[in-house]
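K.L.:
build me a model from this:
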Amino acid sequence: MKKTNVQAVRVEPATWRRLWHPVTHEDLEKLDAIIKDPALSLEEARKAAQAMKARVPFTKAVIQVNPKIDGSQRRLQCSIRFEDFFSQLAPGVSSEPQDQPAVFGIPVPKTFQSPPRDL
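P.N.:
I've put the predicted structure just below:
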């Protein structure tokens with residue numbers, strides 16, 4: 001069975017800004033406009049979004065932008081790398097897998113029951 005590491009962190013506004021720096025709201029709006037441009041085919045939108053993502057300011061930020069472009073969606077998702085999560089948001093906390101992960105003392109279930117998404 002795959003082991004996990006579960007952490008609850010508080011992200012203050014200054015930390016949030018630091019994780020995104022130097023990406024601005026305007027930068028995100030420009031990328032989002034490319035992703036959602038109905039004049040672009042899925043392949044054109046993917047290519048343009050990936051090209052923009054591969055340039056500064058996006059390459060300098062800790063937060064990663066992940067364009068999701070396929071037949072059913074055109075959206076922008078963001079994420080943080082596992083190593084960055086621990087170094088930036090939980091410094092001093094071990095990133096090693098936990099035998100019994102818990103949040104606020106409540107054990108995290110091994111699996112979650114959830115129905116398939118309706119698309």
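
K.L.:
not counting its neighbours along the chain, what's nearest the residue nearest the centre of the chain?
P.N.:
Of all residues in the chain, the one closest to the mean position by Cα atoms, centre = their mean is S79, 1.3 Å from it. Nearest non-adjacent residue to S79, counting by Cβ to Cβ, 6 or more residues apart in numbering: Q64, 5.0 Å away. In this view, the C-beta of every residue, glycine as well, is placed from N, C-alpha and C.

K.L.:
hmm, the one you found is touching C78, no?
P.N.:
Yes. Q64 is within contact range of C78, at 6.5 Å (criterion: Cβ atoms under 8 Å).

K.L.:
tell me who's in contact with A61.
P.N.:
By Cβ atoms under 8 Å, 6 or more residues apart in numbering, the contact list for A61 reads L19, W20, H21, P22, V23.

K.L.:
please tell me how far it sits from T24.
P.N.:
In this view, A61 and T24 are 10 Å apart by Cβ to Cβ, to the nearest Å.

K.L.:
that concludes my questions; thank you for your assistance.
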